[in-house]
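K.L.:
Dropping a prediction and its sequence here:
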Amino acid sequence: MVGFALAFYWAPEDADQGFSQKIFYLHVPIALTAYACFGWGAWKALRLLWIGERRYDLESYTAIHMGVIFGLLTLVTGSIWAKVSWGVWWSWGERQLVLFLILFLFYSSYFMLRFSTEPGPRRERNSAVYALFGVVLIPVSFLAVRIAGTILHPTIFTHEGADLPGEMLAAFCVCLAGMLSLAGALYLVELSGKRIDASLRELKELLA
Amino acid sequence: MTTSEKYVTAAYLVLLGALLVYLLIIALKVGRLEEELADLTRAAREKLGG
């Protein structure tokens, strides 16, 4: 909320895009949060394969679940921004958009793979391996547009730093911190819900 | 309201709407867990003869 207030009332209006650039403070933090969730899910998957503790499976699954929600929000808010800036809802010629869509569809299929196998170590292992494969797409999606160049999609963060005035960058950082905190809070709520669900199922079996 | 303002409002409303839907889902889930817990407590009492 503080971040959005800064974005609207403190950060200057963009000279090129005008008021529509305010979507940047929403869309980019959501997209980076989606990447963070997928990365966190992959890290937990790696921990599962490495250490073998079963709790990492639920943690990885929850993180990917959050990543897919934030990924969907990225696509929706990005489409709205595209419509107001470029006049189209989607552009197939933009590598960053297409790669993000591939990443989103890849992690959406994670659920199909997960629920097509019986619960147990096999499902946990398969899901973990799939989550780890997906993480390769994150740097590809993030860097492809920087390496290959782009026609429409702006690249704000380059290896030379952020191409933004100080106020805009500060407002963006606050928005990003807020979005990451929101995702963290939702992750913890979702995780404890899933843990309670699992414990109740176990208790039900014991009492049956 | 200009076209830009309409689109920016729509984008921010998407986040707000998603959060409200998420809260609703969580509320329904908590209600379901509460019911399940009550059923299990009843079953445990019956089993223990309490």
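P.N.:
That came through, no problem.

K.L.:
Ramachandran coordinates for B:Leu28?
P.N.:
B:Leu28 adopts backbone torsions of phi -60, psi -40, taken as degrees, to the nearest 10.

K.L.:
likewise A:Glu202?
P.N.:
Per-residue torsions, A:Glu202: phi -70, psi -40 (degrees, to the nearest 10).

K.L.:
which parts of chain A sit against chain B?
P.N.:
Within reach of chain B by CB under 8 Å from any CB of the partner chain, chain A has these residues: A:4, A:18-20, A:22-23, A:26-27, A:30, A:69, A:73, A:76-77, A:80-81, A:83-84, A:186, A:189, A:193, A:196-197, A:200, A:203-204, A:207. Placement of C-beta: from N, CA and C, glycine included.

K.L.:
Select only the buried ones of those residues in PyMOL?
P.N.:
In PyMOL, a selection of the buried entries from these looks like this (16 or more other CB atoms under 10 Å in any protein chain shown):
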select buried, chain A and resi 4+19+20+22+23+26+27+30+69+73+76+77+80+81+83+84+186+189+193+200+203
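
K.L.:
Which of the residues of chain A next to chain B fall in helices?
P.N.:
Mapping the residues of chain A next to chain B onto helices (DSSP state H) picks out A:4, A:26-27, A:30, A:69, A:73, A:76-77, A:80-81, A:83-84, A:186, A:189, A:193, A:196-197, A:200, A:203-204, A:207.

K.L.:
so which strand or helix has A:Tyr110?
P.N.:
Using DSSP states H and E, A:Tyr110 sits in helix A:95-115.

K.L.:
A:Val98: what's it in contact with?
P.N.:
A:Trp92 (CB atoms under 8 Å, 6 or more residues apart in numbering or on different chains).

K.L.:
For it, give its distance to chain B.
P.N.:
Distance, A:Val98 to chain B, using CB to the nearest CB, to the nearest Å: 21 Å.

K.L.:
What is the subsequent helix or strand relative to the helix holding A:Tyr110?
P.N.:
For helix A:95-115, the following helix or strand on the C-terminal side (DSSP H and E) is helix A:121-135.

K.L.:
for the record, mean pLDDT for that following helix?
P.N.:
Across helix A:121-135, pLDDT averages out at 89.

K.L.:
Now that helix: buried residues?
P.N.:
A:123-125, A:127-128, A:130-132, A:134-135.

K.L.:
In a markdown table, list those along with distance to B:Val8.
P.N.:
Shown next, in a markdown table, are the buried residues of helix A:121-135 (distance: CB to CB, whole Å):
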| residue | distance to B:Val8 |
| --- | --- |
| A:Arg123 | 43 |
| A:Glu124 | 43 |
| A:Arg125 | 45 |
| A:Ser127 | 38 |
| A:Ala128 | 40 |
| A:Tyr130 | 37 |
| A:Ala131 | 34 |
| A:Leu132 | 38 |
| A:Gly134 | 32 |
| A:Val135 | 32 |
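
K.L.:
ok, of the residues you listed, which one's closest to A:Leu176?
P.N.:
A:Val135 (20.2 Å; CB to CB).

K.L.:
where exactly do the helices run in chain B?
P.N.:
Assigned by DSSP H, the helices in chain B fall at B:3-48.

K.L.:
Tell me the residues of it that contact chain A?
P.N.:
Chain B comes close to chain A at residues B:2-5, B:7-8, B:10-12, B:14-15, B:18, B:22, B:26, B:29-30, B:33, B:36-37, B:40, B:43-44, B:47, as judged by CB under 8 Å from any CB.

K.L.:
make it 10 Å
P.N.:
B:2-15, B:17-19, B:21-23, B:25-26, B:29-30, B:32-33, B:36-37, B:39-41, B:43-44, B:46-47 (CB under 10 Å from any CB of the partner chain).
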